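Novice: Following is a predicted model, sequence given first.
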Amino acid sequence: MTETPDPRPSGATPEHQHEPTRDLGPIWETEPQGQPAYAAPPPPRRRTGLAAAVLATSVLAGGAAGVGGAAAWQEWGPEPTSATTTSSGTASASPVLDAAPAPAATDGSVQAAAEAVLPSVVKINVSGSGGSGSGSGVVLTEDGQILTNHHVVEVAEEGGTITVDFADGSHARAEILGLDPLTDTALIQAQDVSGLTPASIGSSSALAVGQDVVAIGSPFGLDATVTSGIVSALDRPVDVGTDSEGNATVYPAVQTDAAINPGNSGGPLVDLAGRVVGINSSIRTTGSSSPFGQTSEGGSIGLGFAIPIDEIMPIVEQMAAGEAPTHARLGISVSDVGVDVGSGGSGSGPGSSSTEGALVVDGAQVRTVGAGSTAGEAGLQEGDIITGIDDRAITSADSLVATIRSYRPGDEVTVTFERDGEEQTTTLVLDSDADQS
């Protein structure tokens, strides 16, 4: 079993417990189907939580957005200039064109970062029985290994097709090398290519809140689009769904206000040195109603989320080697804490705390402890409230899952928890989900 929110009610309902991230979803761009406005294809099967996330997240049609942009440019673009005759009969002078080259990019600028990374960013087109769409990807090797999101290429997993559009205008077919839904990561291999420009990989652990970052991808099908912003927050728990086995896709996201829209999924978030520090994966949007009684939802509102590159690269290495990805685990199931023990809680079992009259809201409450798990061997019990992993505070079930996902199997961590109103700590070595039966 993995560290996932327990579906059984305990105090607050599961819907209430996860409300902060219910409108997060994949941001892949759907293809037009020949109508004036387009709707996204149904979400891939087997991802029940993801389906709800998709419905609540803006996935606008790239065809409509692209046509609108082209129309605006044609309508508002400059008209051709020509010499005209004044009332005196003399010709007015033609405008003087400045043909000087643009200034060279300075180190540490958005321009320099874009120049460094753009050759390594691709547009990914997918189709399959579940629909068709497009997203983005990052070139990792000269011979065509490309990193993207699981939700971008999942629709092509069973008999679908994937094509890649490169920065130089060339195209290639691609196949899936590996998929990891728990981290929303995928590795694909472009066919019959060589001499590509691999991206430079940085470190997400070196990021700081307020630091400038750049997002690159294909929002609404507009390839090689560059936006910039800052790191708004780090280690933000983002939950975008649960698979049929109850395993949640939760990661400790890098939050940014750089504009990220449908189609940016799988593209890089980079620092100003041009190094990839995250993979753009989800956004939060706000919906609005049209005069015709329909509900429409916008794109970026400055709340974008990227998977930290430090979490992704060990998974990528396993997939590149043909191995099944593995993840760290405690061997417990947990839920959010939200029981007013002064109004009916016994203070002795799961879902309660012995702190009389208190409303406990922060932490992840242990629901079950797996037999032979590292958590059980370290002494954790049902009803314990986990409040910290090493020096990171745990505020919810998603917070715990996201934090554990940032470690690797075999890492040693210190767990801080509350039992009977007393704070305790224990040190343990994280299990691997490869050991699950």
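Specialist: That came in fine, so what should we check first?
Novice: so residue 141 touches residue 194, yeah?
Specialist: No. Applying C-beta atoms under 8 Å, one finds residue 141 not in contact with residue 194, separated by 10.0 Å. From N, CA and C alone the C-beta is placed, and that goes for glycine too.
Novice: Neighbour count: these two, which is higher?
Specialist: Neighbour tally, residue 141 and residue 194, criterion other C-beta atoms under 10 Å: the higher count belongs to residue 141, 14 against 8.
Novice: hang on, the more buried one in a strand?
Specialist: No. Using DSSP: H, G, I helix; E, B strand; the rest coil, the assignment for residue 141 is coil, not a strand.
Novice: Setting the sequence-adjacent residues aside, check what's closest to it.
Specialist: Distance criterion C-beta to C-beta, 6 or more residues apart in numbering; nearest residue to residue 141, sequence neighbours excluded, is residue 198 at 5.7 Å.
Novice: tell me what the lengthiest strand in the chain is packed against?
Specialist: When the chain is parsed with DSSP state E, its longest strand is strand 225-242. Packing partners of strand 225-242 (3 or more C-beta pairs under 8 Å, 6 or more residues apart in numbering; DSSP states H and E): strand 24-26, helix 48-55, helix 110-117, strand 212-217, strand 248-256, strand 275-284, helix 397-405.
Novice: Now the weakest link among the ones you listed, please, by mean pLDDT.
Specialist: Here those differ in mean pLDDT, and the lowest is helix 48-55 at a mean of 32.
Novice: Residues in a beta bridge with the closest residue to residue 313 other than its chain neighbours, which ones?
Specialist: In space, and not counting its chain neighbours, residue 313 is closest to residue 201: 6.7 Å by C-beta to C-beta, 6+ apart. Here residue 201 sits in beta bridges with residue 276, as judged by DSSP bridges.
Novice: Surely residue 201 touches residue 276?
Specialist: Yes. Using C-beta under 8 Å, residue 201 is in contact with residue 276, at 5.3 Å.
Novice: Check which residues of stretch 113-125 are buried.
Specialist: Neighbour counts over stretch 113-125 (16 or more other C-beta atoms under 10 Å) mark 113, 114, 116, 117, 118, 119, 120, 121, 122, 123, 124, 125 as buried.
Novice: And stretch 135-142, by the same measure?
Specialist: Neighbour-count burial for stretch 135-142 [16+ other C-beta under 10 Å]: 135, 136, 137, 138, 139, 140.
Novice: Any chance of JSON lines for the residues you listed, columns pLDDT and distance to residue 399?
Specialist: Shown next, in JSON lines, are these (pLDDT from 0 to 100; distance: C-beta to C-beta, whole Å):
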{"residue": "135", "pLDDT": "96", "distance to residue 399": "28"}
{"residue": "136", "pLDDT": "97", "distance to residue 399": "28"}
{"residue": "137", "pLDDT": "98", "distance to residue 399": "29"}
{"residue": "138", "pLDDT": "98", "distance to residue 399": "28"}
{"residue": "139", "pLDDT": "98", "distance to residue 399": "33"}
{"residue": "140", "pLDDT": "98", "distance to residue 399": "30"}
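Novice: Closest one of those to residue 361?
Specialist: residue 135 (36.7 Å; C-beta to C-beta).
Novice: Which residue comes closest to the closest one once chain neighbours are left out?
Specialist: Closest to residue 135 by C-beta to C-beta, 6+ apart is residue 152, at 3.5 Å.
Novice: Please apply the same query to residue 212.
Specialist: Residue 212 sits nearest to residue 272 (C-beta to C-beta, 6+ apart), 5.3 Å away.
Novice: Count residues in the vicinity of the one you found, would you?
Specialist: 19.
Novice: Contacts only, for it.
Specialist: Shown in contact with residue 272 (C-beta atoms under 8 Å, 6 or more residues apart in numbering): 108, 109, 110, 112, 113, 212, 213, 214.
Novice: ok so, going back, tell me which two of the buried residues of stretch 135-142 sit farthest apart.
Specialist: Top of the distance list for the buried residues of stretch 135-142 (C-beta to C-beta): 135 and 140, 15.9 Å.
Novice: So which residues of the stretch 251-400 of the chain form helices?
Specialist: Ranges of helices within the stretch 251-400 of the chain are 309-320, 374-377, 397-405, based on DSSP state H, counting those that start in this stretch.
Novice: so where's the stretch 151-300 of the chain uncertain?
Specialist: 243-246, 287-298 (pLDDT under 70).
Novice: Go again with 90.
Specialist: Applying pLDDT under 90 to the stretch 151-300 of the chain picks out residues 158-159, 239-250, 283-300.
Novice: So what pairs up with residue 432 in the strands?
Specialist: Beta-bridge partners, per DSSP bridges, of residue 432: residue 328.
Novice: ok, it touching residue 409?
Specialist: Yes. Contact criterion C-beta under 8 Å: residue 432 and residue 409 qualify, at 3.3 Å.
Novice: Looking at the two, which is more packed in?
Specialist: Neighbour totals were compared for residue 432 and residue 409, and residue 409 leads with 17 against 14 (other C-beta under 10 Å).
Novice: now the end-to-end length of stretch 374-387.
Specialist: Stretch 374-387 has an end-to-end distance of 17 Å (criterion: C-alpha to C-alpha, to the nearest Å).
Novice: Would you mark the buried spots in that stretch?
Specialist: Applying 16+ other C-beta under 10 Å to stretch 374-387 flags 374, 375, 376, 378, 380, 383, 384, 385, 386, 387 as buried.
Novice: In terms of distance to residue 369, which of the contacts of residue 272 ranks first?
Specialist: residue 213 (39.6 Å).
Novice: what number of residues lie near the residue nearest to residue 144 when sequence neighbours are not counted?
Specialist: Closest residue to residue 144 apart from its sequence neighbours, by C-beta to C-beta, 6+ apart: residue 190 at 3.3 Å. Residue 190: 26 surrounding residues under other C-beta under 10 Å.
Novice: Distance check, residue 190 against residue 431.
Specialist: According to C-beta to C-beta, to the nearest Å, residue 190 and residue 431 sit 36 Å apart.
Novice: same check, this time on residue 103
Specialist: Taken as C-beta to C-beta, the span from residue 103 to residue 431 is 54 Å.
Novice: How about residue 331?
Specialist: 5 Å.
Novice: Find the residues that touch each one of the two.
Specialist: 373, 374.
Novice: per-residue pLDDT, residue 339?
Specialist: On the pLDDT scale, residue 339 gets 44.
Novice: Report how many residues lie close to the closest residue to residue 373 other than its chain neighbours.
Specialist: Sequence neighbours aside, residue 331 is the residue nearest to residue 373 in space, at 2.4 Å (criterion: C-beta to C-beta, 6+ apart). Burial of residue 331 is recorded as 25 neighbouring residues (other C-beta under 10 Å).
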